[in-house]
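A.B. asks: Quick check, what structure comes out for this input:
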Amino acid sequence: MKASIVLERRPILSSKIIIRILLLSVLVFGFISASYQFIFPAYAVDERTEAMAIRKEIDVAPGDTLWSIANKHAPEGEDVRAYLSKIKKMNQLKSVVLHEGQLLYLP
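C.D. replies: Reported below is the predicted structural model:
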């Protein structure tokens, strides 16, 4: 009796299956990306709308500091530190350093 060796062949993924997997991956990635664009900008718009409700523009004069401007223009009863924070956020300031002639937007 002769011994016969049977080799099992592993199926090779066909090109159709590979294309389907790639297409599905692209669709899933696109869906996730689109979801983020609809979810997160909504929060940013709310913050910007609140910060820009009332808007004044001032030019920074020599000797002005962010604290002095916030103290002078803060609405009555509002904490100056909170108002200063709003000014920084509205003007996208990373620090409290101001320059003469700089234009500031006030909430």
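A.B. asks: mind checking which helix or strand Pro75 is in?
C.D. replies: For Pro75, there is no host helix or strand (DSSP states H and E).
A.B. asks: burial measure for it, as a count.
C.D. replies: Close neighbours of Pro75, defined as other Cβ atoms under 10 Å, add up to 8. The way it works is simple: take the backbone N, C-alpha and C, and place the C-beta from them, glycine included.
A.B. asks: Apart from its neighbours in sequence, what residue is nearest it?
C.D. replies: The shortest distance from Pro75 to any non-neighbouring residue, by Cβ to Cβ, 6 or more residues apart in numbering, is to Tyr83 (7.3 Å).
A.B. asks: Check which helices and strands whichever helix or strand that neighbour is part of sits against.
C.D. replies: Per DSSP H and E, Tyr83 falls inside helix 80-90. Here helix 80-90 touches helix 15-51, helix 66-73, strand 103-106, going by 3 or more Cβ pairs under 8 Å, 6 or more residues apart in numbering; DSSP states H and E.
A.B. asks: Present those as a markdown table; the columns should include mean pLDDT, distance to Asn91 and mean neighbour count.
C.D. replies: Shown next, in a markdown table, are the helices and strands packed on helix 80-90 (pLDDT from 0 to 100; distance: least, Cβ to Cβ, whole Å; neighbours: other Cβ atoms under 10 Å):
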| stretch | mean pLDDT | distance to Asn91 | mean neighbour count |
| --- | --- | --- | --- |
| helix 15-51 | 76 | 10 | 10 |
| helix 66-73 | 94 | 9 | 15 |
| strand 103-106 | 92 | 6 | 15 |
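A.B. asks: thought Leu93 was touching Leu84?
C.D. replies: No - with contact defined as Cβ atoms under 8 Å, Leu93 does not reach Leu84; the gap is 9.8 Å.
A.B. asks: beta partners of Tyr105?
C.D. replies: Note on Tyr105: beta-bridge partners by DSSP bridges are Glu57.
A.B. asks: ok, it to Ile18 distance?
C.D. replies: Relative to Ile18, Tyr105 is positioned 54 Å away (Cβ to Cβ, to the nearest Å).
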